[in-house]
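S.K.: Need a 3D model of the sequence below.
(chains A and B)
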2 protein chains.
Amino acid sequence: MVLDCPAWVNVVPVTAAGNVVLIRQYRHGIREVTLEIPGGVVEAGEAPAAAAARELGEETGYAAQAIRPLARVLPNPAVQNNYLYLYVAEGCRRSGPPRPDRFEDIEVLERPLAEISALIRDGHIAHSMVITAFALLGLTIAPAPR
Amino acid sequence: MVLDCPAWVNVVPVTAAGNVVLIRQYRHGIREVTLEIPGGVVEAGEAPAAAAARELGEETGYAAQAIRPLARVLPNPAVQNNYLYLYVAEGCRRSGPPRPDRFEDIEVLERPLAEISALIRDGHIAHSMVITAFALLGLTIAPAPR
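M.R.: Okay, the predicted model is just below:
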């Protein structure tokens, strides 16, 4: 079985003050509220970096001074044929209200980049693709206590 | 759409000499050979840690002195309802031949843990869930050059 999927993007939005812009949203798959970064599907004919900027604006209302690529990874090469493009959005600031689509119910919050490791370690950020983005940004996650 | 999925496991196998046991296998989703760590599906009635030990043995032929949990993460909470359990297998040594199932064509290799960051940075290890496992182990991935 191969699932034919479009490309996906995830973007780590960082403000000038060193905060990460996170979104809290209900996820139907797991039936829980998760803490994530903006991301979504690359639309037909759209460049992945443009999709990252678009999702950032739609889901958070923030705009970036620069969008820089981190990596291209595989969400699930066993059964999916798509890539996930990871970006960091630098110099982010709020430019207007979020514009979520009608299926999204999103809360936007800022947390210091220095707190992200603990949020991952404690399970508050648990989405594998989001953890991958922070890892490719160079973040070290403190090992679990033995 | 929600995909009803069983729990998955991934395990980072580390030898006494500090090498990671990796597997190279053809992945039908992406139609490419990928570099990964052992993992798979938790069978009905099986504990996740037991599944990690079983997949380690089947896919690599190695056995561990200890299997230690790293984290429980979400492979894709947008559409999947399952968890991915991450483990580190310590004190691994070869105990016999790999026993892959008939759908698997696997090459087993060892690489020093100190080389893993570069393998991820250079795209040789690109599976998001595998990168997540190394991140939860505390590995720092050197940032991409600007």
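S.K.: From now on I want contacts and neighbour counts done on CA atoms only, so please keep to that.
M.R.: Noted.
S.K.: and chain A, which of its residues are near chain B?
M.R.: Within reach of chain B by CA under 8 Å from any CA of the partner chain, chain A has these residues: A:1-3, A:27-31, A:70-82, A:121, A:123, A:126-129, A:131-132, A:135-144.
S.K.: Inside helices: which ones of the residues you listed?
M.R.: A:121, A:128-129, A:131-132, A:135-136 (DSSP state H).
S.K.: What distance separates the opening and closing residues of stretch A:92-108?
M.R.: 13 Å (CA to CA, to the nearest Å).
S.K.: Which residues does that stretch contact?
M.R.: A:13-16, A:21-26, A:57-65 (CA atoms under 8 Å, 6 or more residues apart in numbering or on different chains).
S.K.: One more: stretch A:44-51?
M.R.: A:7-9, A:40-43, A:67, A:69, A:85, A:87.
S.K.: Any chance of a ChimeraX selection covering the buried ones in those residues?
M.R.: The ChimeraX selection below is limited to those of the contacts of stretch A:44-51 classed as buried (16 or more other CA atoms under 10 Å in any protein chain shown):
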select /A:7,8,9,40,41,42,67,69,85,87
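S.K.: ok, of the contacts of stretch A:92-108, which come out buried?
M.R.: Among the contacts of stretch A:92-108, the ones that count as buried by 16+ other CA under 10 Å are A:13-15, A:21-26, A:57-64.
S.K.: List the ones among these that fall in strands.
M.R.: A:13-15, A:21-26, A:62-63 (DSSP state E).
S.K.: which two of those residues lie the greatest distance from each other?
M.R.: A:Thr15 and A:Tyr26 (24.4 Å; CA to CA).
S.K.: Poorly predicted segments of chain A, please.
M.R.: Under the criterion pLDDT under 70, the flagged ranges of chain A are A:144-146.
S.K.: Grab the longest helix from it for me.
M.R.: Max-length helix for chain A by DSSP H is helix A:48-60.
S.K.: Need the residue closest to the centroid of chain A.
M.R.: Among the residues of chain A, A:Ile37 comes closest to the average C-alpha position under CA atoms, centre = their mean, at 2.9 Å.
S.K.: Next up, the contacts around the nearest residue to that one once chain neighbours are set aside.
M.R.: With sequence-adjacent residues excluded and distances taken as CA to CA, 6 or more residues apart in numbering or on different chains, A:Ile37 is closest to A:Leu22, at 5.0 Å. Contacts were defined as CA under 8 Å, 6+ apart; by that measure A:Leu22 touches A:13, A:35-38, A:108-111.
S.K.: So among those, which ones count as buried?
M.R.: Buried by 16+ other CA under 10 Å: A:13, A:35-38, A:108, out of the contacts of A:Leu22.
S.K.: mind listing which of those residues are in strands?
M.R.: Counting by DSSP E, the part of the buried ones among the contacts of A:Leu22 found in strands is A:13, A:35-36, A:108.
S.K.: which of those sit farthest apart?
M.R.: Most distant of these, by CA to CA, are A:Pro13 and A:Leu35, 13.6 Å apart.
S.K.: from memory A:Val2 sits against A:Asn82, does it?
M.R.: No. Here A:Val2 does not reach A:Asn82: they are 10.2 Å apart, not a contact under CA atoms under 8 Å.
S.K.: So which of those two has more stuff around it?
M.R.: A:Asn82 (19 against 14; other CA atoms under 10 Å in any protein chain shown).
S.K.: Show the backbone phi and psi for that one.
M.R.: phi -110, psi 160 (degrees, to the nearest 10).
S.K.: In contact with it, which residues?
M.R.: By CA under 8 Å, 6+ apart, the contact list for A:Asn82 reads A:4-8, A:74-75, B:30.
S.K.: let's see 7 Å
M.R.: Shown in contact with A:Asn82 (CA atoms under 7 Å, 6 or more residues apart in numbering or on different chains): A:5-7, A:74, B:30.
S.K.: Mark which of these are buried, thanks.
M.R.: A:7, A:74, B:30.
S.K.: I'd like these laid out as JSON lines, including distance to A:Ala52.
M.R.: Formatted as JSON lines, the buried ones among the contacts of A:Asn82 follow (distance: CA to CA, whole Å):
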{"residue": "A:Ala7", "distance to A:Ala52": "11"}
{"residue": "A:Leu74", "distance to A:Ala52": "17"}
{"residue": "B:Ile30", "distance to A:Ala52": "22"}
